[in-house]
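show me the folded form of this:
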Amino acid sequence: MASPTPVRRRPRVWVELLTIVWLAWLYDAVSNLAPIRQAAAVAHARSVLHLEQILHLDPEKWLNHLLAPHPAIGLWISDYYDNAHFVVTFGVLGWLWWRHPGQYRPLRTGLVLINVIGLAVYWRYPMAPPRLVPGLGIVDVVAKTGAFGSWHSGTLATHANELAAMPSLHLAWATWSAWAIWRVCRARRWAAAIWLYPAATAIAVVTTGNHFIADVIAGVAVTLVAIPVADWLHRRQIVRAAGSALHVEEAETGTESMAV
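Presented below is the predicted three-dimensional model:
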């Protein structure tokens, strides 16, 4: 009997790496538009801030000024901001690929969708982070503290898309990572603690002057959209694979009957 495509088999590494390269290429293509979109990005940032003020949901400046006078804490939070989203996200992705290949496929697809949605918004609606909005009085804590791996100064700054505040992919990736671990380990006693990670990330991105509260909400919202879509696509793929296997089995049975 022919079996459907095995969902527990690990996907080929080179295919996964090509996906990452493709996403990096898309990010670079959007980043190249930044020099000619500065004015629009700042205008969008001011519009979002205005909406937050109407809703009384604009603590960015207060939180930023709470952190800025404390360089030691600022450095720790900035290092976290610059590096945790890469280390944790790729760490979770690698763990899923190695230990939980059956869960890896839909979760990886969800992460890809998160990035595609984010890049589409960056392309259509560039938005400056609070630290780049003139007159707002936000301190760039990451640049001020000289955080390890900072994209705000030096050579790395030329390769970063600094007009990609909405949605916050830091929050989207953190929420995805927490959900992926929760999905696999929810029976463990410590599982609920994983949700402290996106909460800590939200604090880091706002206090360092890199995102508005609206960006944080949008980042979580993108994840909440991408994950069920990815699950639906995965279920559909399984059904199609099962249908193909049944068709092959029926064809083989028919051939055997004719031979007899």
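
what does L55 show for phi and psi?
Phi and psi for L55, reported as degrees, to the nearest 10, are phi -90, psi 0.

burial of it, as a residue count?
Using other CB atoms under 10 Å, L55 has 10 neighbouring residues. Backbone N, C-alpha and C define where each C-beta goes, glycine included.

show the contacting residues for it.
For L55, no contacting residues are found, by CB atoms under 8 Å, 6 or more residues apart in numbering.

which helix or which strand is home to M166?
Assessed by DSSP states H and E, M166 sits outside every helix and strand.

kindly report the same for the one 4 residues further on.
When secondary structure is defined by DSSP H and E, H170 falls within helix 169-185.

in that helix, which residues are buried?
Across helix 169-185, burial judged by 16 or more other CB atoms under 10 Å covers 169-181, 184.

for the stretch 51-200 of the chain, just list every one of the strands.
Counting by DSSP state E, counting those that start in this stretch, one finds no strands in the stretch 51-200 of the chain.

in it, where is pLDDT below threshold?
For the stretch 51-200 of the chain, the stretches flagged by pLDDT under 70 are 148-161.

80 instead?
Along the stretch 51-200 of the chain, the model assigns pLDDT under 80 to residues 147-161.

ranges for the helices of it?
All helices of the stretch 51-200 of the chain, identified by DSSP state H, counting those that start in this stretch, fall at 60-67, 71-99, 101-124, 141-145, 169-185, 196-207.

and the longest one, what does it pack onto?
Here helix 71-99 touches helix 60-67, helix 101-124, helix 141-145, helix 169-185, helix 196-207, going by 3 or more CB pairs under 8 Å, 6 or more residues apart in numbering; DSSP states H and E.

what of the fourth one?
Taking 3+ CB pairs under 8 Å, 6+ apart as contact, the helices and strands that helix 141-145 lies on are helix 71-99.
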